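**Student:** Give the three-dimensional model of this entry:
(4 chains)
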2 protein chains.
Amino acid sequence: MTQTPEAEKIIKTLKNVAIFKGCDDKALERLAANAHLQKHTKGHILFIHGDEAARLYLVQSGWVKLFRETLDGTQAVVDILTSGHLFGETSIFEDDIYPYSAEVVEPSEIISIPLTNLKTEIETNNKLALNMLSAMARYRRQQDREIEHLSIQNASQRIGCFLLRLVNQSEDGAVTIHLPYDKTLVASRLGMQPETFSRALAKLRDATGLNVKGATIELENLNQLVSYSCAACSSEFPCKDLQAAE
Amino acid sequence: MTQTPEAEKIIKTLKNVAIFKGCDDKALERLAANAHLQKHTKGHILFIHGDEAARLYLVQSGWVKLFRETLDGTQAVVDILTSGHLFGETSIFEDDIYPYSAEVVEPSEIISIPLTNLKTEIETNNKLALNMLSAMARYRRQQDREIEHLSIQNASQRIGCFLLRLVNQSEDGAVTIHLPYDKTLVASRLGMQPETFSRALAKLRDATGLNVKGATIELENLNQLVSYSCAACSSEFPCKDLQAAE
DNA sequence: CGAGGGTTTGAAGTGCATCAAATAGTGTGG
DNA sequence: CCACACTATTTGATGCACTTCAAACCCTCG
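**Tutor:** Presented below is the predicted three-dimensional model:
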């Protein structure tokens, strides 16, 4: 089969995404049929909650925010995704509408694939179905923890937990963390107001001795942060899964 | 194949569970091998967060609470399940431990099935895998809404939303709702303290004119409750899925 | 009838939201 | 390179929502 360079690039990316691991080349080609790779600037809306779901999306680079809005305009951030993360794929079941809106929040490269490709493939490709199940189970555990955090952690602890998930777990000793996007956005991701985020981060600094310079955060040692945040969590520190791709 | 009466009863139940719909009898028999149906009294612990996961559970009748506990003893309720709901099944992927604890909170009949049965079956039975994917996708949407509610609804609105989900959606006009379990438990399910629940319910009564007598709640018409609670939600009223079995 | 758990009520405190305003930071065009 | 405009972030002041601790009340069941 002859392929365009774009198609080749897409297939190469798919190979590294968890749910497509172990799929053979033919299957990937079928999945990637009519797929597109597009660059988007900050602020671009990929789709709106309630839109008819036609494609699934894969973040190649950059960041994408998933959110919903209530009638009175309040916004709830569902998740913020980066390289390797997939979204919009759950709409192949029952509903054919997107359950949230998606907005590009940093310059991004986004791959999109027709949902029908996935739907067709999954119906005959048990391996793919199992991969997807495994990914969904992982995501579900994340959501459970998310709910737990919202109900029992305070603002500073949630920030601490968020920072810990940005740290490469193999790192030890002094650590430098770089916030991947706006503080305002981090705040909304954690379900709090920007003002609260600012104050809670200051409180966290006083409590754990971390050092904040703009979007860069330095930490002499992880343990203090771990004991501060993870005390109010049912999981133990190296909390696996939490940052894993879908 | 000769079957015990218990096995027959179990298979009959499985047939009515969403994820087993469309499975043929042979498959159900394989799944039900070494399954048990047991009665449990209030307070019985089925398993603890972190236990090695060996079986999946299905509520035949009664209510089961899924929860986690932090080091300092605080408890977060993950979900409270009833007839037709399945739990513990996600442990067939990656982890082989239960991601939460499970406690019987009302006298219940619980079916349990070895996880290996499901694991084996799912690997060859694409229909089952697809059903399970569909169920997981539905559950995921519920979780998304749960997170949204925790971050943007207040206590009274969350109670209102909870009540609306107990109402048979086809009903209209005057409605009587019966709380299925302790108010204290409802409170924890909604992520609030019992005292807060009590006060928030009183506030909801004043705001929407519902009538509370112990565990029975009467409501002249749904609309007032809908407009009170659903204003702070991104979904529109007859919020499907939310009470659906996994 | 009394014990015990569930539920409500009261009083006080904490945490987060909100509104307002100051400050820092960034990118633009001159 | 500067001044300006605009946005992100911080800080202050205040109010409301929920929690916490305490105690009363109610209901059920032995």
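**Student:** switch to C-alpha atoms for all contacts and neighbour counts from now on
**Tutor:** Noted.
**Student:** ok now stretch A:230-240, how far from the chain's centre?
**Tutor:** Relative to the centre of its chain, stretch A:230-240 is centred 19 Å away, using CA atoms, centre = their mean, to the nearest Å.
**Student:** Distance check, the residue most central in space within chain A against DNA strand C.
**Tutor:** Chain A has residue A:81 as the residue nearest its centroid, 2.8 Å off, counting by CA atoms, centre = their mean. Residue A:81 sits 22 Å away from DNA strand C, taking CA to the nearest atom of the strand, to the nearest Å as the criterion.
**Student:** how close does that residue get to residue B:158?
**Tutor:** 28 Å (CA to CA, to the nearest Å).
**Student:** Spit out the contact partners of the residue nearest to the centre of chain A.
**Tutor:** Residue A:81 makes contact with A:59, A:63-66, according to CA atoms under 8 Å, 6 or more residues apart in numbering or on different chains.
**Student:** Of the residues you listed, just the buried ones, ChimeraX syntax please.
**Tutor:** Here is the ChimeraX command that selects the buried residues among the contacts of residue A:81 (16 or more other CA atoms under 10 Å in any protein chain shown):
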select /A:59,63,64,65,66
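**Student:** Around DNA strand D, pick out the residues from chain A.
**Tutor:** Taking CA under 7 Å from any atom of the strand, the part of chain A that reaches DNA strand D is made up of A:182-185, A:194-199, A:202, A:214-215.
**Student:** ok, then the element right after the one helix or strand residue A:177 maps to?
**Tutor:** Per DSSP states H and E, residue A:177 falls inside strand A:175-178. The first helix or strand that comes after strand A:175-178 along the chain, using DSSP H and E, is helix A:183-189.
**Student:** Give me the packing partners of the next helix or strand after that next one, helices and strands only.
**Tutor:** For helix A:183-189, the following helix or strand on the C-terminal side (DSSP H and E) is helix A:194-208. Contacts defined by 3 or more CA pairs under 8 Å, 6 or more residues apart in numbering or on different chains; DSSP states H and E place helix A:194-208 against helix A:155-166, helix A:183-189, helix A:222-229.
**Student:** relative to helix A:155-166, how tilted is helix A:194-208?
**Tutor:** With axes from the mean of the first three to the mean of the last three CA atoms, to 10 degrees defining the directions, helix A:194-208 sits at 80 degrees from helix A:155-166.
**Student:** So what touches helix A:194-208?
**Tutor:** Contacts with helix A:194-208, where a contact means CA under 8 Å, 6+ apart, come from A:155-157, A:159-160, A:183-184, A:187-188, A:210-212, A:224-225, A:228.
**Student:** on that earlier part again, so which of the contacts of residue A:81 comes closest to chain B?
**Tutor:** residue A:66 (10.7 Å; CA to the nearest CA).
**Student:** Apart from its neighbours in sequence, what residue is nearest the closest one?
**Tutor:** What sits nearest to residue A:66 in space, not counting adjacent residues and going by CA to CA, 6 or more residues apart in numbering or on different chains, is residue A:102, at 4.6 Å.
**Student:** Distance from the helix or strand hosting that neighbour to the middle of the chain?
**Tutor:** Using DSSP H and E, the element containing residue A:102 is strand A:101-114. Strand A:101-114 has its average C-alpha position 12 Å from the chain's average C-alpha position, going by CA atoms, centre = their mean.
**Student:** Run through the neighbouring helices and strands of the next helix or strand along the chain from that strand.
**Tutor:** On the C-terminal side of strand A:101-114, the closest following helix or strand by DSSP H and E is helix A:115-124. Here helix A:115-124 is seen to pack against helix A:25-32, strand A:55-69, helix A:126-152, helix B:126-152 when contacts are counted using 3+ CA pairs under 8 Å, 6+ apart.
**Student:** List the strands paired with the strand holding residue A:177, with their directions.
**Tutor:** In its sheet, strand A:175-178 lies beside strand A:216-219 (antiparallel), with partners assigned from DSSP bridges.
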